[in-house]
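[1] Fold the stuff below for me.
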Amino acid sequence: MAVQQYCINCGVCMGKYFCNKCKFYDDDDISKNQYHCDACGICRSGGKDNFFHCSTCGCCYSIQMKDAHCCVERAMHRNCPICFEFLFDTAKDMTVLPCGHTIHLDCLKEMEQHFRFSCPVCSKSVCDLSNL
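    As a prediction, the model looks like this:
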């Protein structure tokens with residue numbers, strides 16, 4: 001018997017969002033605009049029209065970064081350099097630094113609170129410091 005969104009016996013919806021490829025159900029909030037990325041092989045949130053998949057980086061990024069992001073091979077397939085959680089499948093928001101390295105947004109904010117303004121991987125500046 002195939003896994004599906006609705007029970008074939010009683011018709012109960014098992015999840016407002018259902019991905020037949022991942023066998024993933026989400027009943028929390030469909031306003032997250034979940035979608036399945038075939039290239040990533042997982043479901044993501046935020047709306048398919050708002051993201052693009054970079055095959056070099058191996059991950060989906062905001063469409064706003066499409067022409068400006070710096071590619072780092074398999075950038076998301078590593079641990080956050082601050083908290084060491086695996087970035088690819090974490091639920092936390094992440095950001096891409098100007099050098100192309102990725103980090104959790106909360107970790108970047110924590111760095112800034114401690115006056116750390118360089119990438120923890122390559123030491124390049126993460127912001128424009130010319131006005132200081």
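
[2] which residues does the residue nearest to Val126 when sequence neighbours are not counted contact?
    Setting aside the residues directly before and after it, Val126 is nearest to Leu97 in space (Cβ to Cβ, 6 or more residues apart in numbering), at 5.1 Å. No exception for glycine: its C-beta is placed from N, CA and C like everyone else's. The contact partners of Leu97, taken as Cβ atoms under 8 Å, 6 or more residues apart in numbering, are Ile103, Leu108, Cys119, Lys124, Val126.

[3] Can you tell me the closest non-neighbouring residue to the first one?
    Spelled out, that is Ile103. Cys80 (5.7 Å).

[4] So for the one you found, what's the pLDDT?
    pLDDT recorded at Cys80 is 92.

[5] how near is it to Ala68?
    Per Cβ to Cβ, to the nearest Å, Cys80 is found 22 Å from Ala68.

[6] Among those two, which residue is more densely surrounded?
    When neighbours are counted by other Cβ atoms under 10 Å, Cys80 and Ala68 differ, and Cys80 comes out ahead with 20 against 8.

[7] if I read this right, the residue nearest to Ile103 contacts Leu105, doesn't it?
    No. Cys80 lies out of contact with Leu105 (Cβ atoms under 8 Å); the separation is 10.2 Å.
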